[in-house]
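Engineer: Show me the folded form of this:
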Amino acid sequence: MTPYGLLLQQVRDLDRYTSDEEAERVLHAVLAVLGGQLGGEERCDLAAVLPERARGVFASQIPLPQPVAAPAFVEAVARALNTTLTGARWDTSSVLAALADLAGGRLTDSLLAGQPRGYALPFGRADLTTAA
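Structural biologist: Numbers count the residues shown, from 1 in each chain. Sure, this is the predicted structure:
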């Protein structure tokens, strides 16, 4: 199986999508929103580990000047997929957890460090930051 096929299969398994087409639609929507979210070194590092087809979707987006909060990220995914916020949370978590697995611990830590609080759980990590 190709690297893209493996990523797609992982996304499909994490959320139990019924078809590759459905998993691919979700993968592309989350990658597009994430492409608008990440900038700088982390963007380049993630692009380097993505399979070519996924990299194209991710890299085609222009990053925002500042990252948006996790709820706004999920809202953007919901709009892109024309789904509920609950569905978009599941979709987002499935893709981001698969990307965290692909990227490895060090890159995932770096990605999370550059994001507002609230992104750890969708990436499959515990959010251990205490509230002020």
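
Engineer: Remind me which helix or strand the residue nearest the centre of the chain belongs to.
Structural biologist: For the chain, the residue nearest the mean C-alpha position is L96 (3.6 Å; Cα atoms, centre = their mean). Counting by DSSP states H and E, the element that carries L96 is helix 85-103.

Engineer: Q61 contacts A32, correct?
Structural biologist: Yes - counting by Cβ atoms under 8 Å, Q61 does reach A32; the two are 5.6 Å apart. All C-beta spots, glycine's among them, are computed from the backbone N, C-alpha and C.

Engineer: Any stretches of this protein with poor pLDDT?
Structural biologist: Within the chain, the set of residues satisfying pLDDT under 70 comprises 128-132.

Engineer: Now do the helices for it: every range, in order, please.
Structural biologist: All helices of the chain, identified by DSSP state H, fall at 3-15, 20-37, 40-49, 52-59, 70-81, 85-103, 105-113.

Engineer: Can you give me the neighbour number for A100?
Structural biologist: 20 (other Cβ atoms under 10 Å).

Engineer: do the same with A97
Structural biologist: Count around A97 with other Cβ under 10 Å applied: 20.

Engineer: Thanks a lot, catch you later.
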